[in-house]
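**Q** Sequence first, predicted coordinates after that:
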Amino acid sequence: MSLIQLIILLVIVGVIMWLVNTYIPMEASIKKILNIAVVVVIVLWLLALFFPGLGGVGSIRVGG
């Protein structure tokens, strides 16, 4: 994945999170948990992308 693709993907995720936070009515605590979860997933994904030797982070599979 090139750096441009990475930046575009992060901008898209940011815009989606802004739209969710702005236009979907939720309690503040739920929004906070959602934002923290998204940030944690993005950070883990970036770590797996840039440091593939990290133990176990890259081997997480969702689904089949």
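**A** The structure has been received and is ready for your questions.

**Q** Find the centremost residue of this structure, please.
**A** Residue closest to the average C-alpha location in the chain (C-alpha atoms, centre = their mean): Ile42, at 3.0 Å.

**Q** quick check: mean pLDDT across the helix or strand where that one lies?
**A** Ile42 is located in helix 28-50, with elements delineated by DSSP states H and E. Averaged across helix 28-50, the pLDDT comes to 91.

**Q** got it, and stretch 3-18?
**A** On average, stretch 3-18 scores 94.

**Q** looking at it, Met1 is touching Leu46, isn't it?
**A** No: using C-beta atoms under 8 Å as the test, Met1 is too far from Leu46 to be in contact (10.5 Å). Just so you know, the C-beta spots here come from the backbone N, C-alpha and C atoms, and that holds for glycine as well.

**Q** Tell me which of those two has more neighbours.
**A** Between Met1 and Leu46, counted using other C-beta atoms under 10 Å, Leu46 has the larger neighbour count: 12 against 7.

**Q** ok, so what distance separates the more buried one from Gly14?
**A** Distance check for Leu46 against Gly14: by C-beta to C-beta, to the nearest Å, it reads 14 Å.

**Q** re earlier: elements contacting the helix holding Ile42?
**A** When contacts are defined as 3 or more C-beta pairs under 8 Å, 6 or more residues apart in numbering; DSSP states H and E, helix 28-50 packs onto helix 3-23.

**Q** hmm, who's touching the helix it packs on?
**A** Lys31, Leu34, Asn35, Val38, Ile42, Leu49 (C-beta atoms under 8 Å, 6 or more residues apart in numbering).
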